[in-house]
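Participant: Show me how the following folds:
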Amino acid sequence: TKALAGLSTANFATLSTDQVAVLTTAQTAALTTGQVGALTTAQLAVVTTAQIGALTSTQVAALNTTDVAALTTDQMAAIKASSIAGLTSAQVGALTTDQVAVLTTSQAAAMTSSQLAGISSANLAVLSTGNVAVLSTKALAGLSSTNFATLSTDQIAVLTTAQTAALTTGQIGALTTAQLAVVTTGQMAALTSTQVAALNTTDVAALTTDQVAAIKATSIAGLTSAQVGALTTDQVAVLTTSQAAAMTSTQLAGISSANLAVLSTGNVAVLSTKALAGLSTTNFATLSTDQIAALTSTQVAALTTGQVGALTTAQLAVVTTGQIGALTSTQVAALNTTDVAALTTDQVAAIKATSIAGLTSAQVGALTTDQVAVLTTSQAAAMTSSQLAGISSANLAVLSTGNVAALTTKALAGLSTANFATLST
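Facilitator: The predicted model follows:
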């Protein structure tokens, strides 16, 4: 092998085909890159599969592109997996579809990102599904988004979850509707939030209900407001509670009233307080009575004043005493006077004493005699002078003696002399 290495590339190229054919695998493995690069098409034609199998990755890289394209399918399949990685992107670009079609799974598994970056769409099309499934995640990342979009549905369907999780956002965004249709629930579950965000809105709208339900809760947060707006009612209807719990305020800000209507009560109940705050007052007013009733006391306490003010009479009618008891003084102040007058006596009695002080004089003026009659002593004790200034004589008349006795001196000072004169004996 040492002696053979002394043969110049010019002289090596003059070896007859018979002489080249008798080189041992040891001799072949010791050839210089210059000698390998000097191989003529005629010489290469007689190189045995054993000799090809002896080539190192450095020697493979020394083959000129004309020689690479001239390799027989048997020679191609004989290149060691550890040596296939030596092929340059230019050499990969020179491969024929017949050569790519015979690549072994071990060869495919050894391919690099630069090699896949150089593969043609025609060659990519003949890459077997078995070979696609063994491509390393690093290699797959080298595939251009343009070429990725040419993968057949069979090739897309065999991508492993590890491969799917490693796809670039460009590749995800390039998915065609046909490709997306064959993406399995396992593959969908492998997507990260960044990848989910890369799906175009057309693809999002085309997802099956099974695919939507398979998206991880940690990844559902990746949906943009535009993507949420593209969801169909069927898709929203199958969201899991873990997915709903992961939704963001930006996402709820982008949800349509039609989609909001099909959000299950179970999902409404698990929405985070931050997410719920993103719901517009217009959409909040469209929540069904069942959805309103499903809100937890924690969620109720975090509602914006705009949302509280947007409550319809029908929605307010189903608000539980537990939910009413969660309202803050600021939220109580946001109720419109029509809603205040519509509160049941149980609802009025459930308002926290610290929150009753939030009632404006206008709201106090809207209270009915039945409502005032059920005020608790702790509520009465929390009333302010401005509230008593707004109370009607009719309502003052039904204020129990226990509540009168609980009024603070500051609050009592707000009672007009005309109303004071109407107090019973």
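Participant: From here on, just use CA atoms for contacts and neighbour counts.
Facilitator: Will do.
Participant: Skip the chain neighbours and tell me the closest residue to residue 239.
Facilitator: Excluding its sequence neighbours, the residue lying closest to residue 239 (CA to CA, 6 or more residues apart in numbering) is residue 213, at 5.6 Å.
Participant: and the helix or strand encompassing the one you found, what's its mean pLDDT?
Facilitator: Following DSSP states H and E, one finds residue 213 within helix 209-214. Averaged over helix 209-214, pLDDT sits at 97.
Participant: Who are the packing partners of that helix?
Facilitator: helix 185-190, helix 233-237 (3 or more CA pairs under 8 Å, 6 or more residues apart in numbering; DSSP states H and E).
Participant: Show me where the stretch 51-200 of the chain has its strands.
Facilitator: For the stretch 51-200 of the chain, applying DSSP state E, counting those that start in this stretch gives no strands.
Participant: What does the closest residue to residue 344 other than its chain neighbours show for phi and psi?
Facilitator: Counting by CA to CA, 6+ apart, residue 371 is the residue found nearest to residue 344 once chain neighbours are left out, at 7.3 Å. Per-residue torsions, residue 371: phi -70, psi -50 (degrees, to the nearest 10).
Participant: Residue 371 reaches residue 351, doesn't it?
Facilitator: No - judged on CA atoms under 8 Å, residue 371 makes no contact with residue 351 at a distance of 11.5 Å.
Participant: residues contacting residue 318?
Facilitator: Residue 318 makes contact with 289, 292-293 under the criterion CA atoms under 8 Å, 6 or more residues apart in numbering.
Participant: And the pLDDT for it?
Facilitator: For residue 318, the model assigns a pLDDT of 97.
Participant: Contacts only, for the residue nearest to residue 344.
Facilitator: Counting by CA under 8 Å, 6+ apart, residue 371 touches 343-345, 348-349.
Participant: can you check residue 163 too?
Facilitator: 136-137, 140.
Participant: what's the offset of the helix holding residue 213 from the middle of its chain?
Facilitator: What separates the centre of helix 209-214 from the centre of its chain is 12 Å, taken as CA atoms, centre = their mean, to the nearest Å.
Participant: export it as CSV, just CAs?
Facilitator: Extracted as CSV, the C-alpha positions of helix 209-214 are listed here (Å, rounded to 0.1, in the frame of the first residue of the first chain):
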residue,chain,number,x,y,z
THR,A,209,-60.7,17.2,15.2
ASP,A,210,-58.4,14.3,16.2
GLN,A,211,-55.4,16.2,15.2
VAL,A,212,-56.5,19.3,17.1
ALA,A,213,-57.2,17.2,20.2
ALA,A,214,-53.7,15.7,19.9
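Participant: Could you check that helix and say which residues are buried?
Facilitator: Judged by neighbour count (16 or more other CA atoms under 10 Å), helix 209-214 contains these buried residues: 209, 211-214.
Participant: next one: stretch 391-410
Facilitator: Neighbour counts over stretch 391-410 (16+ other CA under 10 Å) mark 391-393, 395-400, 403, 406-407 as buried.
Participant: Kindly reformat the residues you listed as JSON lines containing pLDDT and distance to residue 86.
Facilitator: JSON lines is the format used below for the buried residues of stretch 391-410 (pLDDT from 0 to 100; distance: CA to CA, whole Å):
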{"residue": "391", "pLDDT": "92", "distance to residue 86": "90"}
{"residue": "392", "pLDDT": "92", "distance to residue 86": "92"}
{"residue": "393", "pLDDT": "92", "distance to residue 86": "96"}
{"residue": "395", "pLDDT": "94", "distance to residue 86": "92"}
{"residue": "396", "pLDDT": "93", "distance to residue 86": "94"}
{"residue": "397", "pLDDT": "94", "distance to residue 86": "97"}
{"residue": "398", "pLDDT": "95", "distance to residue 86": "94"}
{"residue": "399", "pLDDT": "94", "distance to residue 86": "93"}
{"residue": "400", "pLDDT": "94", "distance to residue 86": "94"}
{"residue": "403", "pLDDT": "96", "distance to residue 86": "91"}
{"residue": "406", "pLDDT": "96", "distance to residue 86": "90"}
{"residue": "407", "pLDDT": "96", "distance to residue 86": "90"}
